[in-house]
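Peer 1: 3D model of this:
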Amino acid sequence: MKATWNGTVVAESDDTVVVEGNHYFPESALKREYVVGSNHRSTCHWKGEARYYSLLVNGDLNPDAVWYYPEPFEAAAQIKGRVAFWKGVQVA
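Peer 2: This next block holds a predicted model:
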């Protein structure tokens, strides 16, 4: 699987976990040169607190386009150490 935004592959892995239709990539698959920090947080009633990264590719910023659960609840333990994408990031 590849996650692509703004014409650039930002993550690639043969090892993804699908939860609620989203592919969660190993965090090590994320190409850090395109990642910038974010203070955004959200909460899922069964996964826990999500944190976010933004993407910066070719000078364009996609705020909060990457999310992860640093300490997911037990029901979502399979996504610990993984990241997922939205906001126009194509995963195929």
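
Peer 1: Could you list the low-pLDDT ranges of the chain?
Peer 2: For the chain, no stretch is flagged by pLDDT under 70.

Peer 1: Now do the strands in it.
Peer 2: Remark: strands assigned in the chain by DSSP state E are 2-5, 8-12, 17-19, 22-26, 35-44, 48-57, 60-68, 82-85, 90-91.

Peer 1: Which residues belonging to stretch 33-52 are considered buried?
Peer 2: Y34, V35, S38, K47, G48, A50, R51, Y52 (16 or more other C-beta atoms under 10 Å). In short, each C-beta sits where N, CA and C put it, glycine included.

Peer 1: And stretch 17-28, by the same measure?
Peer 2: For stretch 17-28, burial by neighbour count (16+ other C-beta under 10 Å) applies to V19, N22, H23, Y24, F25, E27.

Peer 1: and which of those residues is nearest S42?
Peer 2: Using C-beta to C-beta, N22 comes nearest to S42 of these, at 13.7 Å.

Peer 1: That closest one reaches A84, doesn't it?
Peer 2: Yes - counting by C-beta atoms under 8 Å, A84 is a contact partner of N22 at 4.4 Å.

Peer 1: what about the residue nearest to A3 when sequence neighbours are not counted, neighbour count?
Peer 2: Distances taken as C-beta to C-beta, 6 or more residues apart in numbering put A11 closest to A3, at 4.1 Å, once the chain neighbours are dropped. For A11, the neighbour count with other C-beta atoms under 10 Å is 27.

Peer 1: give me the beta-bridge partners of A11?
Peer 2: Beta-bridge partners of A11, counted by DSSP bridges, are A3, L30.
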